[in-house]
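In: sequence unknown, structure follows:
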């Protein structure tokens, strides 16, 4: 004789144990150009320029790399935007005609600090004209500062470009020497010592200047070299101050206040 088995009635609702509950994904932040650029700068600082690709950026943002192109045209445009963002950190003072030369030095020191604070930004800057909104405002404020010294037009225009190129090149040299830190610095120090010894060993009658200047030539004091180079350029600009100024161009026309202290802010 078959025995029927009855089913036990199930409660209408049994709570799921907490360890079995599906984890809710955190809400995604909406993708925007600002968020993309901020994230790209973070990757640049942490991993360097060679690691910054659209695919790596998408991975960091937890999105498909194709979705980035709705906000940024390509990697080159991304680098333009990152560079322009970094330039907001550069301090360019409002002109004080009596101390314009010292103010130009302060501006250059600020630019160098910013370039050294952000890994490989000098590599980005070396072949770019800063035409983003912050960059172009920085150019305007730089020229405003130079014209406050009474520089003629050509000298102010080329002087600004020369200062930017000098600071960028100096920062690029120092940052490349510092990349990989201890090993690279040790190798650089060994080479400098070898070069110093070699220059000192040259026949002094034939190479009196190389022998005499072996120390300064092989110095690795980047701060000292930067200050000397800056002093040389500023001395040339000071020598040209007031020469050939346009007739009728008063200080009020040459010097215009261009907003707050940080460039482009």
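Out: Nice, I can see it. These numbers were taken from a predicted model, which means no experiment stands behind them.
In: contacts and neighbour counts: CA atoms only from here.
Out: Noted.
In: could you chop this protein up by domain?
Out: For the chain, the TED database gives the domain ranges 33-73, 90-184+223-242.
In: for the helix or strand containing residue 59, packing partners?
Out: Following DSSP states H and E, the helix or strand that holds residue 59 is helix 54-61. With contacts taken as 3 or more C-alpha pairs under 8 Å, 6 or more residues apart in numbering; DSSP states H and E, helix 54-61 sits against helix 33-47, helix 65-68.
In: quick one: the first one to helix 54-61, angle?
Out: It stands for helix 33-47. Computed by axes from the mean of the first three to the mean of the last three C-alpha atoms, to 10 degrees, the angle separating helix 33-47 from helix 54-61 equals 100 degrees.
In: show me what helix 33-47 is packed up against.
Out: Right, helix 33-47 is packed against helix 54-61, helix 75-86 by 3+ C-alpha pairs under 8 Å, 6+ apart.
In: out of these, which gets nearest to residue 173?
Out: Closest to residue 173 of the helices and strands packed on helix 33-47 is helix 75-86 (C-alpha to C-alpha; 18.1 Å).
In: who are the packing partners of that closest one?
Out: On a contact count with 3+ C-alpha pairs under 8 Å, 6+ apart, helix 75-86 meets helix 33-47, helix 121-125, helix 133-147.
In: what about residue 34, distance to residue 131?
Out: 17 Å (C-alpha to C-alpha, to the nearest Å).
In: oh sorry, the question was meant for residue 104
Out: Distance, residue 104 to residue 131, by C-alpha to C-alpha: 21 Å.
In: neighbour count: the two, which is higher?
Out: residue 104 (22 against 15; other C-alpha atoms under 10 Å).
In: that one sits in which helix or strand?
Out: Using DSSP H and E, residue 104 falls in helix 100-117.
In: what's in contact with that helix?
Out: The contact list for helix 100-117 (C-alpha atoms under 8 Å, 6 or more residues apart in numbering) reads 86-87, 89-93, 95-96, 121-122, 145-146, 148-149, 163-164, 167-168, 171, 175, 230, 234, 238.
In: buried residues in that helix?
Out: 100-101, 103-105, 107-112, 114-116 (16 or more other C-alpha atoms under 10 Å).
In: could you dump these into a markdown table and include distance to residue 44 and pLDDT?
Out: A markdown table is the format used below for the buried residues of helix 100-117 (distance: C-alpha to C-alpha, whole Å; pLDDT from 0 to 100):
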| residue | distance to residue 44 | pLDDT |
| --- | --- | --- |
| 100 | 34 | 94 |
| 101 | 33 | 95 |
| 103 | 30 | 96 |
| 104 | 28 | 97 |
| 105 | 27 | 97 |
| 107 | 24 | 97 |
| 108 | 22 | 98 |
| 109 | 22 | 98 |
| 110 | 20 | 97 |
| 111 | 18 | 97 |
| 112 | 17 | 97 |
| 114 | 14 | 97 |
| 115 | 12 | 97 |
| 116 | 12 | 95 |
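In: tell me which two in these are the farthest apart.
Out: Spatially, the most separated pair among the buried residues of helix 100-117 is 100 and 116, at 24.4 Å (C-alpha to C-alpha).
In: quick one on the thing from earlier: any idea which of the buried residues of helix 100-117 is the one closest to residue 66?
Out: Nearest to residue 66 among those, with distances taken as C-alpha to C-alpha, is residue 115, at 30.2 Å.
In: would you mind measuring from the closest one to residue 87?
Out: Taken as C-alpha to C-alpha, the span from residue 115 to residue 87 is 9 Å.
In: just the helices and strands packed on helix 33-47: most buried one?
Out: helix 75-86 (a mean of 19; mean count of other C-alpha atoms under 10 Å).
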